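Student: kindly return the folded structure for what I paste below:
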Amino acid sequence: MAAAAASLQPTSNAAPGNVDSNTRGAFTNSASSASLHSAASTAVSCPLQITHTIQRGDSGASVIQLQLALVQLGYLTTDSVTGYFGNKTKSAVTKFQVAQGISQTGTVGQLTRAALAAVVCGTTPPPVDTTAPTVPTGVNATPTSQTQINLTWAASTDNVGVTGYKVYRNGTQITTVTTTSYSDTGLTAGTTYSYTVAAFDAAGNVSALSASVSATTQMGTVSSGWWKPGPVALEWQWEIDHPLSITSATDMGTGKTAYNGATSPATDPTVYDIDGFDNTAATVASLHALGKKVVCYVEVGADDGRSDSAALKATGEGAAMQGWPGEHYINITNPTVASIIKARIKMCADKGFDAIEPDIDESYTVNTGFPLTKTIEESYMTMLADYAHGLGVAMWGKNPDDTGDSYASDMANTFDAVLTEECNEYSTCGLLSAYTGKKPIFNAEYAAATSAFCPADNVLSGWSGNKFPLALSGARTPCR
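Tutor: Have a look, this model is predicted:
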């Protein structure tokens with residue numbers, strides 16, 4: 001049969017009986033069409049000589065073997081044995097696949113060849129592959145521009161072999177790739193997107209989705225006009241217990257004698273850190289009229305029961321925050337959550353605040369109920385900082401030294417200042433060295449006596465220490 005097949009050549013004037021209908025040509029024996037009919041009447045040889053995947057448009061000995069097998073099974077007639085894989089052969093293959101419960105591709109792959117061999121030659125087919133590939137791990141999303149996010153992940157494994165990966169954006173499949181990376185383009189600037197990936201094999205088995213990761217495209221236009229005070233030690237007041245009263249000396253933190261002996265007005269605050277929800281635009285304007293800078297306290301990593309609490313709860317909240325009844329961690333990888341927190345920052349900007357104090361911005365070291373990492377936290381806070389800067393508002397870091405790793409130094413080019421709590425008490429001040437002499441550092445101590453921390457704070461460039469009551473209700477004792 002191989003010798004006969006070798007002499008088959010395409011021709012444009014073959015006898016009608018030799019044409020596989022709707023093909024681009026026909027194959028006939030160069031000696032005579034009669035010899036092809038003789039070959040077609042020959043029984044298929046066993047073992048079946050189809051050694052590779054064949055499909056529409058292919059020709060040769062393997063195609064003849066296929067057509068002879070389909071003739072023997074009644075899916076083709078002998079006049080269709082042309083040596084060319086055309087539409088009629090594809091239709092016959094599809095019918096055979098339907099009968100055998102094989103995916104209806106019309107292509108003769110490994111499973112179809114095995115099934116043909118089993119039916120025609122009585123061989124035992126290999127077991128059908130029903131094992132899905134492993135779930136892709138290590139999915140990472142990196143924004144590279146205003147419109148592009150690059151994805152990478154670790155390769156999955158499979159009992160036979162991984163064919164490719166399905167990539168999903170915000171829950172909808174956007175592409176299929178054969179590599180372990182993808183560049184998602186055509187996105188919107190300053191927008192957060194979530195991604196998952198699933199692996200699949202040739203048998204159609206699909207893995208479960210990977211863990212979701214999020215990334216935010218770069219801002220389209222970033223303002224250069226936000227407050228950048230530089231490495232100066234600024235007197236400050238931190239009062240978030242209630243709406244600030246401009247007429248209250250306690251709330252305003254004025255008339256104090258500092259640890260180093262300085263007195264009012266030298267010790268009067270020039271920076272006021274107050275609650276963003278509780279205080280009005282009028283209060284911010286009044287402070288500005290007094291020549292003060294005003295910082296907006298908002299939580300960015302937890303639901304603290306504000307006017308947007310119902311919206312945050314609808315996203316599915318995490319673990320309860322220890323020591324703060326009623327507050328729960330939020331999933332900062334969720335694009336909806338990111339949008340809600342950005343709305344908080346927009347509220348601060350609309351009220352005229354100069355900067356943001358973002359509480360709960362380093363929660364990846366505790367059990368939040370979500371699989372957070374330092375990389376995720378840094379991406380999230382960079383996104384929020386870019387958004388704030390785009391609105392002309394500075395972004396502080398809150399307790400970046402609490403994590404005990406490189407988070408503080410990693411974010412030194414992003415945060416415009418730092419507010420740290422009890423870094424002297426817990427010996428973490430050294431982790432803020434990337435800011436010392438470059439940006440303001442506001443240190444709040446609660447338990448320690450001023451004599452225990454003020455000497456250290458006062459010799460550091462840009463540091464301003466205060467002792468506050470834990471309630472942050474207005475009282476304070478400044479270091480300088």
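Student: need the three-state assignment for the residue lying closest to residue 434 once chain neighbours are set aside.
Tutor: Spatial nearest neighbour of residue 434, excluding adjacent residues (C-beta to C-beta, 6 or more residues apart in numbering): residue 412 at 3.8 Å. Quick note: C-beta positions are derived from backbone N, CA and C, even for glycine. With DSSP: H, G, I helix; E, B strand; the rest coil as the basis, residue 412 sits in coil.
Student: now for residue 412, how many residues are close by?
Tutor: 16 (other C-beta atoms under 10 Å).
Student: what's the answer for residue 276, then?
Tutor: Neighbourhood size, residue 276 [other C-beta under 10 Å]: 22.
Student: my guess is it contacts residue 353. True?
Tutor: Yes - with contacts counted by C-beta atoms under 8 Å, residue 276 reaches residue 353, the gap being 6.8 Å.
Student: which residues do those two both contact?
Tutor: Residues touching both residue 276 and residue 353 (C-beta atoms under 8 Å, 6 or more residues apart in numbering) are residue 296.
Student: please enumerate the strands of the stretch 151-300 of the chain.
Tutor: With DSSP state E, counting those that start in this stretch as the criterion, the stretch 151-300 of the chain has strands at 162-169, 172-177, 181-184, 192-201, 213-216, 236-239, 271-275, 293-299.
Student: ok, the second one: who's next to it in the sheet?
Tutor: Which is strand 172-177. Strand 172-177 pairs in its sheet with strand 162-169 (antiparallel), by DSSP bridges.
Student: and the angle for the strand it pairs with with strand 192-201?
Tutor: Going by axes from the mean of the first three to the mean of the last three C-alpha atoms, to 10 degrees, strand 162-169 is angled at 160 degrees with respect to strand 192-201.
Student: what mean pLDDT does strand 162-169 get?
Tutor: Here strand 162-169 scores 95 as its mean pLDDT.
Student: can I get the CA coordinates of it in CSV?
Tutor: This file holds the C-alpha atoms of strand 162-169, laid out as CSV (Å, rounded to 0.1, in the frame of the first residue of the first chain):
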residue,chain,number,x,y,z
VAL,A,162,0.0,20.8,29.6
THR,A,163,-1.3,22.2,26.3
GLY,A,164,-1.9,25.8,27.4
TYR,A,165,-3.4,28.3,29.8
LYS,A,166,-6.6,30.3,30.0
VAL,A,167,-6.2,33.8,31.4
TYR,A,168,-9.1,35.6,33.1
ARG,A,169,-9.5,39.3,33.9
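Student: that strand: how far from the chain's middle?
Tutor: Taking C-alpha atoms, centre = their mean, to the nearest Å, the mean C-alpha location of strand 162-169 is offset from the chain mean by 15 Å.
Student: try stretch 95-108
Tutor: That offset, for stretch 95-108, works out to 38 Å (C-alpha atoms, centre = their mean).
Student: about what we covered before: got the strands of the stretch 151-300 of the chain as TSV, with distance to residue 324 columns?
Tutor: Listed next are the strands of the stretch 151-300 of the chain as TSV, based on distance: least, C-beta to C-beta, whole Å:
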stretch	distance to residue 324
strand 162-169	34
strand 172-177	36
strand 181-184	37
strand 192-201	26
strand 213-216	25
strand 236-239	17
strand 271-275	15
strand 293-299	10
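Student: please identify the deepest-packed of the ones you listed.
Tutor: Among those, ranked by average contacts under mean count of other C-beta atoms under 10 Å, first place goes to strand 236-239 (a mean of 26).
Student: any low-confidence regions in this protein?
Tutor: Counting by pLDDT under 70, the ranges of the chain that qualify are 1-43, 123-128, 219-224.
Student: what's the domain layout of it?
Tutor: Using automatic domain parsing, the domains assigned to the chain come out as 2-121, 137-216, 236-478.
Student: could I get these as JSON lines with distance to residue 227?
Tutor: JSON lines is the format used below for the domains of the chain (distance: least, C-beta to C-beta, whole Å):
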{"stretch": "domain 2-121", "distance to residue 227": "62"}
{"stretch": "domain 137-216", "distance to residue 227": "20"}
{"stretch": "domain 236-478", "distance to residue 227": "5"}
